[in-house]
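Enquirer: Just the structure for this:
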Amino acid sequence: MLNTDIRFALEYHEATKHSELSIRMSPSYLDLDNMPRPFKVYTKLPSISLPRDFPRPELRALESISSIEPVHLAKGIDIATLAEVLFFSAGLTREVKSSSGPFYMRAAPATGALYPIELYVICQDIPGLKAGVYHFCPADFSLTELRLGDYRAELGGAAGGSQMITSAPVTIAYTSIAWRNSWKYETRSYRHWFWDSGVIAANLLATSISVGLPAFIIMGFEDSRVNRLLCLDEEHEATVALAPIGIGLGDPPQLVPKAIPSLNPEFLPLSKEEVNYPEIWKIHEASSLASESDVKAWVNSARGFKPHPPTLKGSGYPLHPLADEPSDTPSLWEVILRRGSTRQFAKLSISFAQLSTILHSSTRGVTADFITRTGDSIVDIYLIANAVDGLPSGSYFFNPQADSLEQLRSGSLRNIASYLCLEQPLFGDASVAFFTMTNLGQVLMHYGNRGYRVAQFEAGVIAGKIYLSAYAQGMGASGSTFYDDAVTEFFSPHAMDKRTMIAVAVGLPNYKARVGKILVGVLTKTQLLANKY
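Expert: Predicted coordinates for the structure are as follows:
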């Protein structure tokens, strides 16, 4: 099994590092005439309009983001609730005018605003929707019918006999269309598959908490079997993760999985021509699981992973998060519509309570098959505090066991924060720059090459929660790539064995952002087929 030969992940990571030399030697030209279309559009399959009067996740944002399980359980899920979850995970929230026409932002961020992640629905019969396999199109807010019938037993079998899937009425699958992101980021874009799906998962988990639907993330599954179920064009699009929602609320599926005929439904080409990056598919194949026994062995091994607890050198700075969420804190739906990607920070200070609340909300844990216990994580958080009232400027390590910050360096480090994030002034102007890191060697030894997916994905979930918890407190946030080795070197010796996954800056915006809207059905199927967008 290739997954155990971890040289594939190590070689890929080394080959796709950013450095001053790699950035300056890389061509900056983007063929805008060949830019991939932002929506996947099937040409001949029937589609079902989702209801536009769906409810909104009303629970306070910080409670939704930080909670692991719903306080109040829903009785079930219908098509309106499904529409709510899909919209607040990946719906359209803002129309931006440009010289080339309108551009639509979505509920969760995406690197380069290219939105490579697609969502699929696998469900039993629910009120308003027949059992089947569907593709979600945010442009016309519809589901395209790929297969009819209850395929949860087949999907659960592909996930090692997962009862999470078979006991849930709905599972949402995340896939990545490779070319949509590699058009700009080339071979390195494989990392982005998991960052971008992780931030969507952060929205989905928070929305599910607010709605009262237990949710779970599954990353152990037979890749080719799930891809076939979703009718994916392999070496074009691949499954990233599965998210059953409403666990325990589903009807028992048939015990015998259905036969899955191969289907190749037609859809509009993304652009005039596509460039293939073989290294992406090489690492993806090397991190794939080929059989149900492989999946079961991987999941059992994953559940046994225990990250080494960090050693706190001194007393540190204990976090002081908000004890009770203020009554004027916005609801989750308001925060998701407010969220954007900040393009200019005001160089003003945030409070230590605000920073503490971001860390507290973002690190309570992820309910997933690669996590042993609630609260465990394979991702560490380092940060540079540029302007935080009550915390000296400097670099820090967040110790989740002690719930405190350990100072590594003191002094003004705005220039360093900017340099580490590809010399972008935005990250020096921010109040705080977060760097999610992992001991990649340790993770790969335990999870195999698939550990590379897991580490990047969990970092994406944490980044998504940082975004949401910052906007919930009236701040802004922006994600970034980075100079890989420079980040490790800067935070060493503490981080000498760790590799950076993703960076996020937080601060007060230097402008008033426009609040998004619930944009449902902004385009018609006729417009999509005619490329009128």
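
Enquirer: What is the burial count for residue 385?
Expert: When counting by other C-beta atoms under 10 Å, one arrives at 25 neighbours for residue 385. In this view, the C-beta of every residue, glycine as well, is placed from N, C-alpha and C.

Enquirer: Who does it form a beta bridge with?
Expert: Residue 385 forms beta bridges with residue 394, residue 432, as assigned by DSSP bridges.

Enquirer: give the contact list for it.
Expert: Taking C-beta atoms under 8 Å, 6 or more residues apart in numbering as the contact definition, residue 385 lies against 355, 391, 392, 393, 394, 395, 396, 431, 432.

Enquirer: now that we have these, which one has the most neighbours?
Expert: residue 355 (30 neighbours).

Enquirer: tell me the phi and psi of that residue?
Expert: Backbone torsions of residue 355, given as degrees, to the nearest 10, read phi -60, psi -40.

Enquirer: residues contacting the spatially closest residue to it that is not a sequence neighbour?
Expert: Leaving aside its sequence neighbours, residue 355 sits nearest to residue 388 (C-beta to C-beta, 6 or more residues apart in numbering; 5.3 Å). With contact taken as C-beta under 8 Å, 6+ apart, residue 388 is in contact with 349, 350, 351, 352, 355, 431, 432.

Enquirer: and which of the contacts of residue 385 is nearest residue 507?
Expert: residue 431 (3.8 Å; C-beta to C-beta).

Enquirer: Return the per-residue confidence for residue 316.
Expert: Here the pLDDT value assigned to residue 316 is 88.

Enquirer: That one: how many residues sit nearby?
Expert: By other C-beta under 10 Å, the burial measure for residue 316, its neighbour count, is 17.

Enquirer: ok, now how distant is it from residue 435?
Expert: Note on residue 316: its distance to residue 435, by C-beta to C-beta, to the nearest Å, is 18 Å.

Enquirer: mind checking the backbone torsions on the residue nearest to residue 355?
Expert: With angles defined as degrees, to the nearest 10, residue 388 sits at phi -130, psi 110.

Enquirer: measure stretch 441-459 end to end?
Expert: This stretch, stretch 441-459, spans 16 Å end to end (C-alpha to C-alpha, to the nearest Å).

Enquirer: For that stretch, buried residues please.
Expert: 442-444, 446-459 (16 or more other C-beta atoms under 10 Å).

Enquirer: now do stretch 12-19
Expert: Those would be 12, 13, 16, 18, for stretch 12-19 by 16+ other C-beta under 10 Å.

Enquirer: Among those, which lie within strands?
Expert: The members of the buried residues of stretch 12-19 all map outside strands under DSSP state E.

Enquirer: Adding distance to residue 515 and pLDDT as columns, could you present the contacts of residue 385 in CSV?
Expert: Output for the contacts of residue 385, formatted as CSV (distance: C-beta to C-beta, whole Å; pLDDT from 0 to 100):
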residue, distance to residue 515, pLDDT
355, 24, 97
391, 30, 96
392, 35, 96
393, 32, 97
394, 35, 97
395, 34, 97
396, 32, 97
431, 22, 97
432, 23, 98
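
Enquirer: for those, which one is nearest residue 304?
Expert: Distances from residue 304 to the contacts of residue 385, taken as C-beta to C-beta, are shortest for residue 396 (30.3 Å).

Enquirer: any idea whether the closest one is helix, strand or coil?
Expert: Recorded secondary structure, residue 396: strand (DSSP: H, G, I helix; E, B strand; the rest coil).

Enquirer: Got the confidence number for the residue nearest to residue 355?
Expert: 97.
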